[in-house]
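Colleague: Prediction below, plus the sequence it came from.
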Amino acid sequence: MQFDQVEKRYGAVYALRNLTFSVTEGECVAIAGRNGSGKTTLLRVAGRLVQPGRGAVSYSGCENGRPRVGFVAHATMVYDELTAEENLLFFAKLQCVENPKKRSHELLHEVGLEDRKDSLVRTFSRGMRQRVAIARALLAKPSLLLFDEPGTGLDAESSRWLTDEIRKLRDTGCTILMSLHGESEMARLATRAIRLEAGSVIADTRRGAMFQSIFAGVAG
Amino acid sequence: MALLSNAAVLLGKEVRTEFRSRELLSTTVIFVLIVVVVFSFTFDPTTNESRRFGPGLLWMAFLFAASLMLQPCFLREQVNDTLSALRLAVEDPFAIFLAKISANTLFLLLTELLLLPVFAALFNVSFGAQLPGILLTFFLGSVGISVVGTALAAISAQARMRELLLPLLLLPLLTPILVVSTEVTIRLMQPEPYVEWKGIGLMVGFDVVFLTVLWLFGEYLLEE
């Protein structure tokens, strides 16, 4: 995935400014930065949910030049009025997933919600909703996974579970971009870290001595 | 084919969630019933008077119903940012519009069909033999209202003054189809009723033009 001089403005405010970098297949990239630094916009541009005002994002090695994207954000992107299974079946059918029922059951089992599959999502805790959200994102076996502060509002156990899930996905060779608020277990999964400030990349490093410093002073 | 199959899946979800909660239908039906009942007491109309101003009142009630019904169709997708999930999942974003238009038309038609016998009883008119013509007029009018309304609901959902914006934009844009629908309905309620095919043609034209515009430019309405 190649970001080429990407710029996005909301009114007079730059969310992204002249962003140029590339992400290679299988990389797990942590995006760090303070509130308003452009992390969410970057992920939404990467997922083609937001069109950049200038510049372009290109993808190579994908059918039709479009990767299969799985997006997990703070908002769950699932319907509260549907059950966990109905949500997964609905999104699986939309994405023309082969044997949607089987795939939904597989994922419900994987995220540990098999016994709650017939419960409405609105009756779920935040952690359980996030599990449904992850199952939804994985339905079409995406080649690009975007996590926008996925651990927000999760308790310690759910957070550990999520970290394990991301580790598994990283180890399967999925390309991952995740925005994080600060140093955490999740951040340690990353093979590369990028720090944004006012929409610009101010640091970009792979695992090594500088890695931890990317997250310094971000939290809070 | 992907467009139609995606739209069918989306329509199924819209219908399922609405019939599970009945939020929109119950509110809208109650509202339009109140409007028609209040007007019937205010005017106490004779059959001849009903034939003259009844259709206008009927379409005004449908417009009120539509403006209540259309507002939440995209707002509901914002609660958990499900619109983003839909945009990521569908191949053609027009499928989202197609499903919303179909669902809004269906719900509006249901409201209209529930209102029709109440209107006939309160305003001393009978539809009998004209029913196929009435149904065709209601269908074409509802499609027109839904196409324009769904597009405007998508625009207004992203605006700050969203509650005011939709009715403000809806009324002027719907004026042509409301005038034609009312005229066609008036002809169908005459002592010697007939279908005004010129009006029907205009309604079809309105629906096709706005549907085409939405097909061409709808994608931009969903962008953030």
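Modeller: Done, it's in. Remember, it's a predicted structure, so these values are computed and weren't measured experimentally.
Colleague: where does chain B have low pLDDT?
Modeller: B:224 (pLDDT under 70).
Colleague: Quantify the burial of A:Thr40 by counting its neighbouring residues.
Modeller: Residues near A:Thr40, counting by other C-beta atoms under 10 Å in any protein chain shown, number 20. The C-beta positions use only the backbone N, C-alpha and C, and glycine is treated the same way.
Colleague: cool, A:Ala137 as well?
Modeller: The burial count for A:Ala137: 25, using other C-beta under 10 Å.
Colleague: cool, A:Glu98 as well?
Modeller: Neighbour count for A:Glu98, taken as other C-beta under 10 Å: 8.
Colleague: List the contacts of the residue nearest to B:Ala89 when sequence neighbours are not counted.
Modeller: Leaving aside its sequence neighbours, B:Ala89 sits nearest to A:Leu94 (C-beta to C-beta, 6 or more residues apart in numbering or on different chains; 4.1 Å). A:Leu94 is in contact with B:Asn6, B:Val9, B:Leu10, B:Leu86, B:Ala89, B:Val90, counting by C-beta atoms under 8 Å, 6 or more residues apart in numbering or on different chains.
Colleague: In ChimeraX, select just the buried ones from those residues.
Modeller: The buried residues among the contacts of A:Leu94 can be selected in ChimeraX (16 or more other C-beta atoms under 10 Å in any protein chain shown) with this line:
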select /B:6,9,10,86,89,90
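Colleague: what's the most distant pair in the contacts of A:Leu94?
Modeller: Spanning the widest gap among those are B:Val9 and B:Leu86, at 10.4 Å by C-beta to C-beta.
Colleague: As a check, name the ranges of all helices in chain A.
Modeller: All helices of chain A, identified by DSSP state H, fall at A:39-46, A:84-94, A:100-110, A:126-138, A:156-171.
Colleague: Would you mind telling me which of these is nearest B:Trp215?
Modeller: Short answer: helix A:84-94, nearest of the helices of chain A by C-beta to C-beta, at 18.9 Å.
Colleague: State the mean pLDDT of the closest one.
Modeller: Average pLDDT, helix A:84-94: 96.
Colleague: CA atoms only: put that helix into CSV for me.
Modeller: Extracted C-alpha coordinates of helix A:84-94, given in CSV (Å, rounded to 0.1, in the frame of the first residue of the first chain):
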residue,chain,number,x,y,z
ALA,A,84,-24.7,-11.7,16.7
GLU,A,85,-25.3,-14.4,14.2
GLU,A,86,-27.7,-12.2,12.1
ASN,A,87,-25.1,-9.5,12.0
LEU,A,88,-22.4,-11.9,10.7
LEU,A,89,-24.7,-13.6,8.2
PHE,A,90,-25.8,-10.2,6.9
PHE,A,91,-22.3,-8.9,6.3
ALA,A,92,-21.1,-12.3,5.0
LYS,A,93,-23.9,-12.3,2.4
LEU,A,94,-23.1,-8.7,1.4
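Colleague: how far off helix A:126-138 does it point, in degrees?
Modeller: If you take axes from the mean of the first three to the mean of the last three C-alpha atoms, to 10 degrees, helix A:84-94 sits at 20 degrees to helix A:126-138.
Colleague: Residues of chain B that sit close to chain A?
Modeller: B:2, B:5-6, B:9-10, B:12-13, B:16-17, B:20-21, B:79-82, B:84-90, B:223-224 (C-beta under 8 Å from any C-beta of the partner chain).
Colleague: and with 7 Å instead?
Modeller: Residues of chain B lying near chain A by C-beta under 7 Å from any C-beta of the partner chain: B:6, B:9, B:13, B:17, B:20-21, B:80-82, B:84-85, B:87-90, B:223-224.
Colleague: Just the residues you listed: which are in strands?
Modeller: Judged by DSSP state E, the subset of those located in strands is empty.
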